[in-house]
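# No sequence on hand, only this structure:
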């Protein structure tokens, strides 16, 4: 259940907004290229004209997270919006109300379509299963001037990816045991960053005393702390960046004792952090696929090729195909969004961060990364336990067991 703490900051901003004089963007003027045009009642047209998303409806988890992010930002103050809306949003969140928000309609400069649809739901112009609120015209832009859906997507992805990155360490430890890899690369003295040291320490704790079979192992083992540590570094940076944005008043204009027109809504830093996270995720997934390859080799496992039950049988050969299919998808999803831009609204809005697309790509990356890990888990367990000729390969069951891999 979501409760409301003190809302003094929102109250102060609202009172200040009611005293504003002169042109204020979106309150007394049009938006975008129409910023110089005085408009008496901009709110209804703004909401109706911007509620034009496309594609499939987003799922309930994302819709609820979007509402929670927007409520949290509004509590930080600075929007000038009527604070009477805040308990209504909390009611919508607790009731799992789902505005009919569609997938496409943002480029990282505000989730305008998603929040316009939500605002029209509150006003009773679009049916939904949530509460009503008479959102005033002056509150239209303050409500939609946020990247709440983008931040919600990023937060959901980061939460799941942290779980999967932790599981990857446990699965790597199983492969380590299966091939009797050397623990020398895990020595504390070898590590050069805090995150590589943390990975090495976690692996040391998981591994029994092993007699190394080789003087040096492939990179899937030898470089695991460095590559996986970099993924944890990228994850932490993304988490910090997104958390800061969720807890900040990224409003335009920002209303204190006056209106400050600004670019705080721009999500370029978030897009950069999420791009780095997907790139690092792909790197550590490639090491998982590399370890999977060693598990197919008799020289590493002491078993038949592909961990087969009989000479000439295919065993787990197909797992490499599955893993590399998923890895190829991860590489596609790792393509950076931050190399592109857009010029819109008659040239006035001449840059875009595309954090929206970066967050969606992070959400999409969860599945292929999980599949790569599940393939390694199946093979590592087979290498440790021996062949099971009558048991079919079940990658999906392994995916469900990732949290418990030990």
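Yep, it's here. Worth saying up front: this structure is predicted, and the values here are computed from it rather than measured.
# Please count neighbours and contacts with C-alpha atoms only from this point.
Noted.
# all strands for the stretch 1-150 of the chain, in order.
In the stretch 1-150 of the chain, the strands defined using DSSP state E, counting those that start in this stretch lie at 54-57, 102-104.
# repeat for the stretch 201-350 of the chain
Under DSSP E, counting those that start in this stretch, the stretch 201-350 of the chain gives strands at 254-255, 259-260.
# In terms of mean pLDDT, which of the ones you listed ranks lowest?
Here the lowest mean pLDDT among the strands of the stretch 201-350 of the chain goes to strand 259-260, at a mean of 85.
# ok, that one: who's next to it in the sheet?
Strand 259-260 has its sheet partners listed here by DSSP bridges as strand 254-255 (antiparallel).
# Report back the residue of this protein that's furthest from centre.
Most distant from the centre of the chain: residue 311, at 44.7 Å, with distances by CA atoms, centre = their mean.
# For the residue nearest to residue 268 when sequence neighbours are not counted, give its distance to residue 75.
Distance criterion CA to CA, 6 or more residues apart in numbering; nearest residue to residue 268, sequence neighbours excluded, is residue 353 at 4.2 Å. Going from residue 353 to residue 75 by CA to CA, to the nearest Å gives 25 Å.
# Please name the residues that touch residue 161.
Contact analysis of residue 161 by CA atoms under 8 Å, 6 or more residues apart in numbering lists residue 366.
# Quickly note the distance from it to residue 304.
Distance, residue 161 to residue 304, using CA to CA: 34 Å.
# Equivalent analysis for residue 193, please.
Distance from residue 193 to residue 304, counting by CA to CA: 38 Å.
# The two - which one has more neighbours?
Under the criterion of other CA atoms under 10 Å, the comparison of residue 193 against residue 304 puts residue 304 first, with 20 against 13.
# Could you check how many residues crowd around the closest residue to residue 26 other than its chain neighbours?
Excluding the flanking residues, the one nearest residue 26 by CA to CA, 6+ apart is residue 141, at 5.6 Å. If you count neighbours by other CA under 10 Å, residue 141 ends up with 28.
# Contacts only, for the closest residue to residue 389 other than its chain neighbours.
Leaving aside its sequence neighbours, residue 389 sits nearest to residue 309 (CA to CA, 6+ apart; 5.6 Å). By CA under 8 Å, 6+ apart, the contact set of residue 309 is 315, 387-389.
# do the same with residue 220
So residue 220 contacts 287-288, 290-291 (CA under 8 Å, 6+ apart).
# State the distance from residue 205 to residue 293.
Applying CA to CA, the value for residue 205 to residue 293 is 24 Å.
# Between the two, which has more neighbouring residues?
The residue with more neighbours, out of residue 205 and residue 293, is residue 293; 18 against 10, by other CA under 10 Å.
# in terms of contact, does that one touch residue 320 like I think?
Yes - between residue 293 and residue 320 there is a contact under CA atoms under 8 Å: 7.2 Å.
# coming back round to it: count of neighbours near the residue nearest to residue 268?
For residue 353, the count of nearby residues is 23 (other CA under 10 Å).
# ok, now residue 352?
Using other CA under 10 Å, residue 352 has 21 neighbouring residues.
# Number the residues from 129 up from this point.
I'll keep to 129 as the first residue from here, and by that count the last item is residue 480.
# and the gap between it and residue 367?
In this view, residue 480 and residue 367 are 21 Å apart by CA to CA.
# and the host helix or strand of residue 524, what other elements does it pack with?
Element membership for residue 524 (DSSP states H and E) is helix 523-528. Applying 3 or more CA pairs under 8 Å, 6 or more residues apart in numbering; DSSP states H and E, one finds that helix 523-528 contacts helix 483-513.
# In terms of secondary structure, what does the helix it packs on contact?
Here helix 483-513 touches helix 276-307, helix 396-423, helix 445-461, helix 523-528, going by 3+ CA pairs under 8 Å, 6+ apart.
# Mean pLDDT and distance to residue 144 for those - can I get that in JSON lines?
Formatted as JSON lines, these follow (pLDDT from 0 to 100; distance: least, CA to CA, whole Å):
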{"stretch": "helix 276-307", "mean pLDDT": "98", "distance to residue 144": "24"}
{"stretch": "helix 396-423", "mean pLDDT": "97", "distance to residue 144": "29"}
{"stretch": "helix 445-461", "mean pLDDT": "98", "distance to residue 144": "44"}
{"stretch": "helix 523-528", "mean pLDDT": "94", "distance to residue 144": "52"}
